[in-house]
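J.: Sequence and computational prediction follow.
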Amino acid sequence: MLSVAVGSVSIPLRNLVQILAALPNLGNLPIDLQPLATILFALRIPRTVLVALTGAALAGSGASYQGLFRNPLADPYLIGVASGAGLGAVIAMTLHWSYSFWGLMAIPLAAFVGAGITVLAVYQLARVGNAVPTTNLILAGVTISAFTTALTSLLMITSSDEMVRAFTWLLGGSTLSGWRPVIAMLPYIVVGLGIQLAMGHALNVLQFGEEQAQQLGLSVQQIRLTVVAAASLTTAAAVSFAGIIGFVGLVVPHLVRMVWGADYRRLIPLAILNGASFLLVADIAARVVLSPQELPVGIVTALGGVPFFLWVLRRTRQQFF
Amino acid sequence: MVNTKRIFLLVGMMIALLTTQCTAASQPTATVKAALEEQTPTSAPITATPAVSLVDGLGRTVELAAPAQRIVSLAPSNTEILFELGAGSQVIARDDFSDYPEEVKALPSITTNLSDINIEQIVMLKPDLVLATEINTPEQVKALEDVHITVFYLPNPVNLEGLYENLETVAELTGKQDIAEKMIPSLRNRIQTVEDRLKDVETSPVVYVELDGTDPAKPWTTGPGTFQALIIDMAGGKNAGDEMSSEWAQISQEELIVKNPDFMLVDAVWGTTLEQVSQRPGWQVMKAVQNKQVVPMDFNLFSRPTPRLVDAVEMLAKLLHPEVFN
């Protein structure tokens, strides 16, 4: 409600109620409420859904990666999804697609494909025989991320006429507004998060260590493959349509863990819900703090998230003493 | 202690749930969309012959029932063109970077951060035309289209003929064809005068345009295919960056020394002075520095596709070839 009511154009609450009440037949609305209705349905509500989905996707994937890699610094971009998506998007921009439905869709689709190819490359690089050791995955991820980021920068410099567009995309924020990106990313995020939700028990067992887990009967290889695939799919979909928003995937799982404990069967769904609300709050702040100017959401998540995170960290620490 | 945190985060979850409830309840249906379309005047299907029907730079056919009276300009070059054509009173909002002529600063700005535009405010303004150009992204055009706002995308000209075409286009969109009919031949004449004077000139001084000299070993300059390169060429000069492989490129200082520019143009806004340039290690060997030809100029004249490009050509021609412009 809050996310829908807030924005650079103030919609008084009674107008909001009026518009929503007139829902079945918007033609009856008085003429001065028409633009407000347009703003509400064509802009605000899809944006709310987009932001919520993105937050959910990033936090859920972040939690899964932290469980899989048993590393508190893991975030959804660890194995190259973000940098791969950036490269894909910038390559598509330099190809100058025509202005049409598919021409515009080409950018997020290319970002998605770029992310997929990068994760595949990382996976193959990290492979040792039939196994894919976790350390290798992280190393390969970092290396290939650096490589793709450099390629992206090079492309941006040599096709400087697309520089503004590429820069805007990389900064984050939804560049395709309306319902289209929401509908496009929904299936991937639902499927991806669904699979991750099912991995909760397996991730719990994995916390004992990979050898232990293997001895306990878990097929560690398969689990790793499934989690990486599902989390990458989810993150790629989120990044392709909402840009690269940092911090959410890293911090929200930690916050949830501090409050509700580290049982992954609970952690993942809670991370999903809290991720959604966290990003919604950040997005509201981004629109309101310097109104009518809008800050990129990534800046708000970092600036706002860090002090909040530190505060929670201090409070939980005091409990243990 | 932990309880308060739990409550807080629970509230957080509830906000998320509430919002999703809200949005689930308000999924726009086909009837809603149709109603929105019907009500917004700019998207009413034009049944009579439209007064204006043009194809824009993105291949879109744009139709207006009458010359636009409520225009939002998304780029400084567009704002300049609109005001030069005498359509200033028809402009209701501008982007943040529009600054010429002086009176545009009084108009409200609808950019949110750097290059993002505030679509909500544009909707509230109820414009009948939004004038975009290559500095705006196709995604922004689409976003405006999706809320039923008429957008015209003016492509960047590659030469002055393209500029004249753009002037004619905007004149048609705003009903100022009579002004354009006088302006374009006048601009052509001025260029013709410059060309005539330069006809018998044999020298072609090398001009180095410094876009960013923060790192003097690798300064940014303009490459081929830019407005600056076009102006330098028309003013009878040679662009020091004409062998660069992109429109803005970092040229190595060594390469620049080899090119040995006769003139160095710096942005008047940045305030780079001759003294500063002379102090850069190795720069004293350049002719431009030795002859004290480090010239500050208003780079807006050189980078915006507006009639002021002709001003820039005249200015630069006089600088490069003073002997034929007395």
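T.: Right, received. Where do you want to start? Numbering: from 1, shown residues only, chains lettered A, B, ... in the order given.

J.: so where is chain B shaky, pLDDT-wise?
T.: Scanning chain B for pLDDT under 70 picks out B:1-49, B:113-115.

J.: care to break it down by domain?
T.: For chain B, automatic domain parsing gives the domain ranges B:41-185, B:200-324.

J.: Any part of the shortest one near chain A?
T.: Looking back up the chat, that one is domain B:200-324. Yes: using C-beta under 8 Å from any C-beta of the partner chain, domain B:200-324 reaches chain A at B:245-249. The way it works is simple: take the backbone N, C-alpha and C, and place the C-beta from them, glycine included.

J.: rewinding a little: could you redo the domains of chain B as JSON lines and give each row mean neighbour count?
T.: Formatted as JSON lines, those follow (neighbours: other C-beta atoms under 10 Å in any protein chain shown):
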{"stretch": "domain B:41-185", "mean neighbour count": "19"}
{"stretch": "domain B:200-324", "mean neighbour count": "18"}
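
J.: Of the residues of domain B:200-324 next to chain A, which is the nearest to A:Leu225?
T.: B:Ser246 (41.3 Å; C-beta to C-beta).

J.: tell me the phi and psi of whichever residue of the stretch 51-200 of chain A sits closest to chain B?
T.: Residue of the stretch 51-200 of chain A nearest chain B, by C-beta to the nearest C-beta: A:Tyr99 (3.9 Å). Dihedral pair for A:Tyr99: phi -80, psi 90, per degrees, to the nearest 10.

J.: Kindly report the residues of the stretch 201-321 of chain A close to chain B.
T.: Counting by C-beta under 8 Å from any C-beta, the stretch 201-321 of chain A sits next to chain B at A:255-256, A:258-260, A:270, A:273-274, A:276-278, A:280-281, A:292-296, A:312, A:315-316, A:318-319.

J.: Cross-check the contact I'm expecting between the residue of the stretch 51-200 of chain A closest to chain B and B:Gly59.
T.: Yes: with contact defined as C-beta atoms under 8 Å, A:Tyr99 reaches B:Gly59; the gap is 5.9 Å.

J.: and the residue nearest the centre of chain A, what is it in contact with?
T.: Centroid check for chain A by C-alpha atoms, centre = their mean gives A:Leu58 as the closest residue, at 3.7 Å. The contact partners of A:Leu58, by C-beta atoms under 8 Å, 6 or more residues apart in numbering or on different chains, come to A:76, A:235, A:238, A:245, A:248-249, A:252, A:275, A:279.

J.: swap the cut-off to 10 Å and go again
T.: Contacts for A:Leu58 (C-beta atoms under 10 Å, 6 or more residues apart in numbering or on different chains) come out as A:75-77, A:231, A:234-235, A:238-239, A:242, A:244-250, A:252-253, A:271-272, A:275-276, A:278-279, A:301.

J.: just B:Ser77 next, same as before
T.: B:Ser77 touches B:97-98, B:100, B:131, B:133-135, B:154, B:156, B:163, B:166, B:227, B:300, B:303-306, B:308-309, counting by C-beta under 10 Å, 6+ apart.

J.: Restricted to helices, list those residues.
T.: B:163, B:166, B:227, B:300, B:303, B:308-309 (DSSP state H).

J.: Could you export the residues you listed as TSV, including distance to A:Thr94?
T.: Shown next, in TSV, are the ones in helices among the contacts of B:Ser77 (distance: C-beta to C-beta, whole Å):
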residue	distance to A:Thr94
B:Leu163	26
B:Asn166	25
B:Phe227	21
B:Asn300	27
B:Ser303	22
B:Arg308	30
B:Leu309	27
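
J.: Just read off the phi/psi values of the closest residue to B:Thr61 other than its chain neighbours.
T.: With C-beta to C-beta, 6 or more residues apart in numbering or on different chains as the criterion, B:Thr61 has its nearest non-adjacent residue at 5.4 Å, and that residue is B:Val55. Here is the backbone geometry of B:Val55 (degrees, to the nearest 10): phi -100, psi 130.

J.: Thought B:Glu172 was touching B:Val55, still the case?
T.: No: applying C-beta atoms under 10 Å, one finds B:Val55 not in contact with B:Glu172, separated by 11.9 Å.

J.: mind checking how far B:Val207 is from A:Arg257?
T.: Distance of B:Val207 to A:Arg257, given as C-beta to C-beta, to the nearest Å: 62 Å.

J.: Please apply the same query to B:Ala317.
T.: B:Ala317 is 69 Å from A:Arg257, by C-beta to C-beta.

J.: before we move on, what about B:Leu154?
T.: The value you get for B:Leu154 to A:Arg257, if C-beta to C-beta is used, is 53 Å.

J.: phi, psi of the closest residue to B:Met244 other than its chain neighbours?
T.: Leaving out its chain neighbours, the residue that sits closest to B:Met244 by C-beta to C-beta, 6+ apart is B:Gly223, at 3.4 Å. The phi/psi pair for B:Gly223 (degrees, to the nearest 10) reads phi -90, psi -160.

J.: try B:Tyr208
T.: According to degrees, to the nearest 10, B:Tyr208 has phi -110, psi 120.

J.: ok, it - contacts?
T.: By C-beta under 10 Å, 6+ apart, the neighbours of B:Tyr208 are B:219, B:221-222, B:232, B:238-241, B:251, B:256, B:259-266, B:286, B:288, B:293-294.

J.: Quick check: helices, which of those residues are part of them?
T.: Short answer: those in helices (DSSP H) are B:232, B:256, B:259, B:288.

J.: Please, where are all the strands along chain B?
T.: Here chain B has its strands, by DSSP state E, at B:52-55, B:61-64, B:71-73, B:91-93, B:129-133, B:151-154, B:206-212, B:220-222, B:238-239, B:248-250, B:263-267, B:294-297.

J.: any chance of those strands in TSV, plus distance to B:Pro108?
T.: Rendered in TSV, the data for these read as follows (distance: least, C-beta to C-beta, whole Å):
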stretch	distance to B:Pro108
strand B:52-55	25
strand B:61-64	23
strand B:71-73	10
strand B:91-93	5
strand B:129-133	14
strand B:151-154	18
strand B:206-212	30
strand B:220-222	32
strand B:238-239	38
strand B:248-250	31
strand B:263-267	27
strand B:294-297	30
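
J.: No further queries at this time; thank you.
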